[in-house]
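Chemist: coordinates only, no sequence provided:
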């Protein structure tokens, strides 16, 4: 491995056995695809040590790719107008040539399905197979978030069930009724995710044991002196009844869809089931939102390794390798902030650069790297380290842990704060000794979904009064919600809840209520 | 590893989604289509149409944090000038140093207020002609044999193996076997078993021979009476029946005398095309007859109809006579839905009025489903403040239309009025249900 450092330069001539080329020219057939897959497999397995779900490669047309776009890439999905809208959008963009289609779509399922387009040249097919069928596939199978939160074996069956269930509901209760439930559920989709594994309810024996241990502990620690201390005057003692009610309703609850499914008083069973379906779908996609950089980085890094090796062994020709390099460099291009094409950070670029950098730190560390990454610097086993990274991190922790000073310098990152109370923007940190850590922390935050998504919780229900549902938005850095959209979502929420809804935007620092929104249920819904 | 070729799978997987989407934007899409119809060349009407829909009706709201409030952090690449502590003037528009909002992962929010999509021809026409109805469709049972369809008609004893009615055949076979007392398989097996048992225990019993004889008898009988006999066979029978297909003929009548300007002809043409689109949507089979007239009428082809000019006086009755002749010759009102659209600038020889009126009343209108008279005028139209001038022909037709609802008349000056007038003429009357042919 150490001889094959990861770089574009040609490798040493000693160990590499030449193979016959897999294909010549641009054309391909199913035999070619199979040969390409087998050649990639021979590299991905023994050389890179990847492990993957069995591959299923499906060849589709541009129109089918648009279809797949419209149903969030899934091979089957329930029907809803919003997918039709997305289809129309994509189609219009595609027809006018504004938008190229992806070369592939890959689905986190077992077997792992990769859609590849029929228009691709043989080189592109090699690239997308290396990228999707091995890179993404390895990530899906090994990353802890996917292992913890998604069920690759069951997802297609579940979607089949969801599709049938929803179309049955449409037949039975009418399109409008189903549509309004789905609309409301989709609006709350981002609030339909469990971010942590739920607490297991203790059973009776463990509850009793805990109680006993607590008592023993108190008896052991008994000291009569405590009795003589003056009691702190406690104002606003929590009402035990309210406490109990909140505990029974498992409040506060940030998974609003889950809360509605379990507690909303007026929902029909089929409506609850639809909320559940939407919630499950949201949960399935939740890891993907947290691992954009890592997922694309993993796929890009691996396709680069595989393609380079294929070229070294003569399995793809020079022309094909140049074609690959051209599209590879397009993919990992990162325009600077003042560039006309700048549109935020390119996850492919960041991921690929960081993983290349990790490989460098493992094999050719500088003194700086040794100081910053004592665990991995000079370990020599780049792939071992990377596999561990792919398995155990998400974007936020990955950047917080592995963004090296060298890369910050290379990307020339800087951190700007925009405080509306100040007349000017301020540069908080740049790529220098003083700024590295702060810069890295701030950058990692940008990938932390908990910072990006508004923090909204159901905090209480006025069960004895008018059943008003009370939510809090914990306002971070004084960033409020978009008012129009918030009101629309709140309306959907009120419709599902069946009674009034009140949302307070509460500052996390001061505890002050910055804004309140209310919505009342529309009578037409039920 | 599997490779699957999905290219031949049926497309249009998201058709159902599209229908739901269109239902959602129906109102706006319809308005856009009507708008398009007014502006667009009518020839292009059938083509795919671009529709712009305000995003409001199809918004997918989500809780999102408003990037223009509070303290925002931006991490940007490509710093060449700044050092820590530098103050940067706020760029106009409030964005953070070149759009740091891009990495905020906006969840499918539409930044624009509208978005465009393309309607297919079918969808366009569906919206375009919605709520329009052909008047008096139910008045006559107009049907003519165009296709023959097959329908099930009981069973027959002959037929092709593909049509073998298995259930019926076996039912016959069963009743025949019962009637002829064909020995059952189970019966024979029991007998065989008994014989075997006897052979083992007391091989020389007398009863054994009897049993063997009995078995032999049963065997012969079961061979003589087959399980399924040709006599049992039944086949599903199909008989052809004529499926009535409603058909329509559309008469286009136009004055082509010198007084008709190109503009007027253009208006007339637009109206005819609309009517044709409409009729073809409602009837499988539509024929068009072009009749043009000056002081004499003639049936012509489309090109001549719109293209060539003629000079001469104007005699409307000549066209009506010609139409009457063609109806009598080729289009029996019993079999055909007859629609007529007449376009004229309204000139007519005053002596012709009574003749025309009479012809209309007695011959034309009774045969027609609908007779639309379109009076085309100059682009300027009737100037405001002037009492509208009533043309000769208008005065001729007006009394007829008052007593007979088959005749409808409208005046059109500008091409933007064509579609509204068309809609007015064919708008579904309240309480009148759509009766598709």
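Modeler: That came through, no problem. Remember, predicted model here, so these are calculated numbers, not experimental data.
Chemist: closest residue of the stretch 101-250 of chain A to chain B?
Modeler: The nearest approach of the stretch 101-250 of chain A to chain B comes at residue A:187, 5.2 Å away (Cβ to the nearest Cβ). In this view, the C-beta of every residue, glycine as well, is placed from N, C-alpha and C.
Chemist: what about that residue, neighbour count?
Modeler: The number of residues packed near residue A:187 is 24, by other Cβ atoms under 10 Å in any protein chain shown.
Chemist: can you check the one 4 residues further on too?
Modeler: If you count neighbours by other Cβ under 10 Å, residue A:191 ends up with 27.
Chemist: next: the one 5 residues further on.
Modeler: By other Cβ under 10 Å, the residues close to residue A:196 number 7.
Chemist: shaky segments in chain B?
Modeler: Residues of chain B meeting the criterion pLDDT under 70: B:36-57, B:92-115, B:130-147, B:243-246, B:308, B:379-389, B:428-437.
Chemist: quick one: the helices in it?
Modeler: B:15-24, B:26-39, B:121-128, B:166-179, B:185-201, B:206-224, B:262-282, B:302-307, B:316-330, B:353-359, B:365-367, B:392-403, B:415-426 (DSSP state H).
Chemist: residue B:232: which of those helices is closest?
Modeler: Ranking the helices of chain B by proximity to residue B:232 (Cβ to Cβ) places helix B:166-179 first, at 3.9 Å.
Chemist: re earlier: any chance of a markdown table for the helices of chain B, columns mean neighbour count and distance to residue A:312?
Modeler: Below are the helices of chain B laid out as a markdown table (neighbours: other Cβ atoms under 10 Å in any protein chain shown; distance: least, Cβ to Cβ, whole Å):
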| stretch | mean neighbour count | distance to residue A:312 |
| --- | --- | --- |
| helix B:15-24 | 19 | 46 |
| helix B:26-39 | 17 | 56 |
| helix B:121-128 | 18 | 54 |
| helix B:166-179 | 14 | 66 |
| helix B:185-201 | 12 | 74 |
| helix B:206-224 | 13 | 79 |
| helix B:262-282 | 20 | 64 |
| helix B:302-307 | 14 | 70 |
| helix B:316-330 | 19 | 80 |
| helix B:353-359 | 17 | 92 |
| helix B:365-367 | 17 | 86 |
| helix B:392-403 | 17 | 88 |
| helix B:415-426 | 18 | 68 |
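Chemist: nearest to chain A, out of the ones you listed?
Modeler: Ranked by Cβ to the nearest Cβ, the member of those that lies closest to chain A is helix B:15-24, at 3.0 Å.
Chemist: okay, the helices of chain B in a markdown table with distance to chain A next?
Modeler: Below are those laid out as a markdown table (distance: least, Cβ to the nearest Cβ, whole Å):
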| stretch | distance to chain A |
| --- | --- |
| helix B:15-24 | 3 |
| helix B:26-39 | 11 |
| helix B:121-128 | 11 |
| helix B:166-179 | 31 |
| helix B:185-201 | 44 |
| helix B:206-224 | 50 |
| helix B:262-282 | 24 |
| helix B:302-307 | 33 |
| helix B:316-330 | 45 |
| helix B:353-359 | 52 |
| helix B:365-367 | 44 |
| helix B:392-403 | 42 |
| helix B:415-426 | 25 |
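Chemist: for residue A:223, find the nearest of those.
Modeler: Taking Cβ to Cβ, helix B:15-24 is the member of the helices of chain B nearest to residue A:223, at 70.0 Å.
Chemist: what residue in the stretch 1-150 of chain A comes nearest to chain B?
Modeler: Closest point on the stretch 1-150 of chain A to chain B, by Cβ to the nearest Cβ, is residue A:84, at 3.0 Å.
Chemist: check for me that that residue belongs to a helix.
Modeler: Yes - under DSSP: H, G, I helix; E, B strand; the rest coil, residue A:84 falls within a helix.
Chemist: what strand or helix carries the closest residue to chain B within the stretch 201-350 of chain A?
Modeler: Nearest residue of the stretch 201-350 of chain A to chain B: residue A:336, at 2.4 Å (Cβ to the nearest Cβ). Under the criterion DSSP states H and E, no helix or strand holds residue A:336.
Chemist: now do the contacts for it.
Modeler: By Cβ atoms under 8 Å, 6 or more residues apart in numbering or on different chains, the residues touching residue A:336 are A:342, A:412, B:76-78.
Chemist: among those residues, which two are most distant?
Modeler: A:342 and A:412 (13.1 Å).
Chemist: compare those two (neighbour count), which wins?
Modeler: Between residue A:342 and residue A:412, residue A:342 has the larger neighbour count (other Cβ under 10 Å), namely 20 against 16.
Chemist: what about the closest residue to residue A:104 other than its chain neighbours, which SS state?
Modeler: Closest residue in space to residue A:104, ignoring its immediate chain neighbours: residue A:128 at 4.1 Å, by Cβ to Cβ, 6 or more residues apart in numbering or on different chains. Under three-state DSSP, the three-state class of residue A:128 is helix.
Chemist: how many residues are close by residue A:128?
Modeler: 26.
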